[in-house]
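K.L.:
Sequence plus predicted model, see below.
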Amino acid sequence: MSNLLQPNEADWYEASARERIAALLDPTSFVEFLGPEQRLTSPHLAQFNLTGAFDDGIVVGRGRLDDQVLFVAAQEGRFLGGALGEVHGAKLVGLLRAARECTGRNRPRAVLLLLDTGGVRLQEANAGETAISEIIRAIVEVRSAGIPVLALVGGRAGAFGGGGIITACCSRIVVSEHARVSVSGPEVIETNKGVEEFDSKDRALVWRICGARTRYLTGGADHYVKGSIRDFREAVIALIPHASPFDLATLNAEQQRLEERLERFGDCRDALEIWRKAKLPDPERIADITDDAFLCIQRTRGANHDAR
Amino acid sequence: MEQFQVRGMARQRAPGHRPDAITGVNASGNLEVLVERVLPDRECLVEVTTAVTGFRGVWEAVIQNFFERCSPGGLRFSINDGGARPDTVTLRLMQGMRLMETAP
């Protein structure tokens, strides 16, 4: 093994949920809750002739990062597109509620959500939608208790549907170039509104609309990282102390920021128009430049905020 | 979807002391294998749940070959398969057995 990459130099995009957790946290610090040997699998998938996963596509537990206690959940984006069903959702709700209840030296410094999901699992949609609501409420309660919740997005499935809403509810959002964050996904929009409204096969368009660079430049993400697990680790360490308090002043500031953004860019039809209007340098090339060059761009007014 | 078991006898107990391990993901062309040290030292068992029907004969050949090559005594392997090729199945079974030698 010694001639291979160190685990945390590995690429976030290529890693599984378990590999991401193992390399993100301090070595051997992760303790899984309700592990795969307990076989908490979906009670619904077999009715649809689908094979399940022993962890129902999500790994939850406790670990340490830079020697701080954290609670962590990681979705496996390759199992049913990371889609969120009854058991999967219940594991995440349970983790968030446990984070709020833990006191003393077990109290987590933050909760990390390694999101990689297309949204609710259609085969168990009612349970999944209910779970999304419960997760949102649980995130709000954890943040109200003074514990930041960080979303980390850079996997194959992105964060769509309810997963996009969950992302937006977090204290801080970290993305890499592969990340896409949105509610209705490109295929959904195309199916409902037609190919002239949105061509989901136009990958450049998809990334211009909901990709990491657009989200970062317009304030939909707080931190843009290059793609290794180590980059995500360093971002989390840097961001935890700077999560804003979850209070009325924060929410009012965010509301004002969003209103100003809508006023300024609301008539834009494509991210390119936003970048031109914001007078960013070389707007036509923003999608193509390297991560290093991209990170040198000064974000637009109202993007680099402290109001989430 | 199809479910079946393949039982075998092993020459020796699988090395290591780890009680369980998991490897792989149930995705298209891939599979997850949960390994548990729950059987008597000379027995081994693979429980297969696969999305693809009609290949039980191939599975049995691949698994019996794995039993003979690796002697995974005492281990039960539970598989959720998304249509992996036989070489991927062998690889995952061997990975799972190797993980049981490591610290949890």
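P.N.:
Thanks, I have the structure now.

K.L.:
and the stretch 1-150 of chain A, which residues reach chain B?
P.N.:
A:16, A:18, A:28, A:35-37, A:46, A:49-55, A:76, A:78-79 (Cβ under 8 Å from any Cβ of the partner chain). Every residue, glycine included, has its C-beta placed from N, CA and C.

K.L.:
part of a strand, is residue B:48?
P.N.:
Yes - Residue B:48 sits within a strand when classified using DSSP: H, G, I helix; E, B strand; the rest coil.

K.L.:
what's around residue A:295, how many residues?
P.N.:
For residue A:295, the neighbour count with other Cβ atoms under 10 Å in any protein chain shown is 12.

K.L.:
I'd say it and residue A:223 touch.
P.N.:
No - judged on Cβ atoms under 8 Å, residue A:295 makes no contact with residue A:223 at a distance of 10.2 Å.

K.L.:
Show me where chain A dips below the pLDDT cut-off.
P.N.:
Within chain A, the segments meeting pLDDT under 70 span A:1-5, A:300-308.

K.L.:
Looking at it, which residue is nearest chain B?
P.N.:
residue A:78 (3.8 Å; Cβ to the nearest Cβ).

K.L.:
For residue A:11, grab the count of nearby residues.
P.N.:
Count around residue A:11 with other Cβ under 10 Å applied: 16.

K.L.:
Now it. Nearest residue, chain neighbours left out?
P.N.:
residue A:227 (5.4 Å; Cβ to Cβ, 6 or more residues apart in numbering or on different chains).

K.L.:
where does the residue of chain B found nearest chain A land in three-state SS?
P.N.:
Taking Cβ to the nearest Cβ, chain A has its nearest neighbour within chain B at residue B:27, 3.8 Å off. Secondary structure, three-state DSSP: residue B:27 is coil.

K.L.:
Now do it against residue B:51, distance only.
P.N.:
Distance of residue B:27 to residue B:51, computed by Cβ to Cβ, to the nearest Å: 10 Å.

K.L.:
what touches both of these two?
P.N.:
Each of residue B:82 lies in contact with both residue B:27 and residue B:51 under the rule Cβ atoms under 8 Å, 6 or more residues apart in numbering or on different chains.

K.L.:
Which parts of chain B are helices?
P.N.:
In chain B, the helices defined using DSSP state H lie at B:56-70, B:86-99.

K.L.:
next one: the stretch 201-308 of chain A
P.N.:
Assigned by DSSP state H, counting those that start in this stretch, the stretch 201-308 of chain A shows helices spanning A:203-210, A:212-217, A:229-239, A:248-265, A:271-277, A:291-295.

K.L.:
re the thing from before, buried subset of the residues of the stretch 1-150 of chain A next to chain B?
P.N.:
A:16, A:18, A:35-37, A:50-55, A:76, A:78-79 (16 or more other Cβ atoms under 10 Å in any protein chain shown).

K.L.:
coming back round to it: isn't the residue nearest to residue A:11 up against residue A:153?
P.N.:
No - applying Cβ under 8 Å as the test, residue A:227 and residue A:153 come out as separate, 11.7 Å apart.

K.L.:
Among those two, which residue is more densely surrounded?
P.N.:
More crowded of residue A:227 and residue A:153, by other Cβ under 10 Å: residue A:153, with 29 against 19.

K.L.:
Verify the stated contact: that one with residue A:160.
P.N.:
No - counting by Cβ under 8 Å, residue A:153 does not reach residue A:160; the two are 10.4 Å apart.

K.L.:
Between these two, which contacts overlap?
P.N.:
A:180, A:181.

K.L.:
gap between the residue nearest to residue B:59 when sequence neighbours are not counted and residue B:40?
P.N.:
Among residues not flanking residue B:59 along the chain, residue B:48 sits closest, at 5.7 Å (Cβ to Cβ, 6+ apart). Residue B:48 sits 21 Å away from residue B:40, going by Cβ to Cβ.

K.L.:
again with residue A:41
P.N.:
From residue A:41 to residue B:40 the distance is 26 Å (Cβ to Cβ).

K.L.:
Same drill for those two, tell me which one is more crowded.
P.N.:
residue A:41 (21 against 10).

K.L.:
tell me the contacts of the more buried one?
P.N.:
Residue A:41 touches A:52, A:53, A:54, A:56, A:87, counting by Cβ under 8 Å, 6+ apart.

K.L.:
Kindly indicate which of the residues you listed lies nearest residue A:173.
P.N.:
residue A:56 (24.5 Å; Cβ to Cβ).

K.L.:
The closest one contacts residue A:89, doesn't it?
P.N.:
No - Residue A:56 lies out of contact with residue A:89 (Cβ under 8 Å); the separation is 9.0 Å.

K.L.:
coming back round to it: are there residues contacting both of residue A:227 and residue A:153? Which ones?
P.N.:
With Cβ under 8 Å, 6+ apart as the test, residue A:227 and residue A:153 both reach residue A:176.

K.L.:
about what we covered before: what residues does the residue of chain B closest to chain A make contact with?
P.N.:
A:78, A:79, B:82.

K.L.:
Ok, residue A:199 next?
P.N.:
Contacts of residue A:199 (Cβ under 8 Å, 6+ apart): A:190, A:205.

K.L.:
Just give me the neighbour total for residue 17.
P.N.:
No chain in the question, so chain A it is. 23.

K.L.:
oops, chain B please
P.N.:
Residues near residue B:17, counting by other Cβ under 10 Å: 10.

K.L.:
Just put the buried ones among the residues of the stretch 1-150 of chain A next to chain B in TSV and tack on secondary structure.
P.N.:
As requested, these are exported to TSV (three-state DSSP):
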residue	secondary structure
A:16	coil
A:18	helix
A:35	coil
A:36	helix
A:37	helix
A:50	coil
A:51	coil
A:52	coil
A:53	coil
A:54	coil
A:55	coil
A:76	coil
A:78	coil
A:79	coil
